[in-house]
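**Q** Here is my input, please return the structure:
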Amino acid sequence: MYRHPWERQEALRRRQAAEAGRQRAAAERPLQFVISPTESTSDGAVTGLGLLAVLPNEIITMVFDNYTLRSLLRLERVNKAAKVFVRQLRDIAFVRETARGIIQRAVPYYRKFMFTILKITTYRGLCHLFTTYVCETCGKPGSFRLVKVKVLCDTCQKLNSR
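**A** As a prediction, this is how the structure comes out:
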């Protein structure tokens, strides 16, 4: 369909005005998170998320919770706004350091499994695995074990290994 040049210019002007309005709204909106309201969040404005800035911060956080740890670490390198959002996820520093420690301590055979688990498990799943200290079988205190990826105490791990 033929459009007169002034119609194209008017459409371009409207798109640019809408994008400028979105960026202004994102710059004025402080960070607010539903997931962990007790943790402090930045009161400063965050811009630079592009079209994601039109979404509420709670939705963006929910989306980031469903990324893999690998994707979050890559996203952190995109720009400062993404880095701020990723760093304010619940227990991100603990999950990152725990995953790094597990990979460094694992023998090469199990290291391959850990990389696979890190590639396919969402951040929320890893956070659950690394921060749950109750055995899923008997309810006693336990820690993360590489046994069908669940939290087990020492007794249940010995029973499952037989």
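**Q** quick one, strands of the chain?
**A** Secondary structure of the chain by DSSP state E: the strands cover 143-145, 150-152.
**Q** and the last one, average pLDDT?
**A** Confidence over strand 150-152 (mean pLDDT, whole number) is 67.
**Q** Also the first one?
**A** What strand 143-145 shows for mean pLDDT is 64.
**Q** can you check stretch 68-87 too?
**A** 89.
**Q** That one: end-to-end distance?
**A** End-to-end span of stretch 68-87 (C-alpha to C-alpha, to the nearest Å): 14 Å.
**Q** I'd like the numbering to begin with 45 instead of 1 from here.
**A** OK, 45 is where the count begins now, so the last one is stretch 112-131.
**Q** Quick check: buried residues in that stretch?
**A** For stretch 112-131, a neighbour-count test (16 or more other C-beta atoms under 10 Å) marks 112-113, 116, 120, 125-126, 128-130 as buried. Yep, even glycine has a C-beta here, placed from its N, CA and C like the rest.
**Q** Now flag whichever of the residues you listed is closest to Leu93.
**A** Here the nearest of these to Leu93, counting by C-beta to C-beta, is Ala125; it sits at 4.9 Å.
**Q** in this protein, which ranges drop under the pLDDT threshold?
**A** Low-confidence regions of the chain, defined by pLDDT under 70, span residues 45, 65-91, 187-195, 204-206.
**Q** repeat that for 50
**A** Applying pLDDT under 50 to the chain picks out residues 75-89, 191.
**Q** quick one: the helices in it?
**A** Along the chain, counting by DSSP state H, helices occupy 49-72, 101-109, 113-120, 124-131, 136-149, 152-164, 167-175, 198-205.
**Q** Tell me which of the ones you listed approaches Gly92 most closely.
**A** Gly92 lies closest to helix 124-131 among the helices of the chain, at 3.7 Å (C-beta to C-beta).
**Q** so how far is that closest one off the chain centroid?
**A** Remark: helix 124-131 is offset 10 Å from the chain centroid, using C-alpha atoms, centre = their mean, to the nearest Å.
**Q** Ramachandran coordinates for Glu180?
**A** Phi and psi for Glu180, reported as degrees, to the nearest 10, are phi -80, psi -10.
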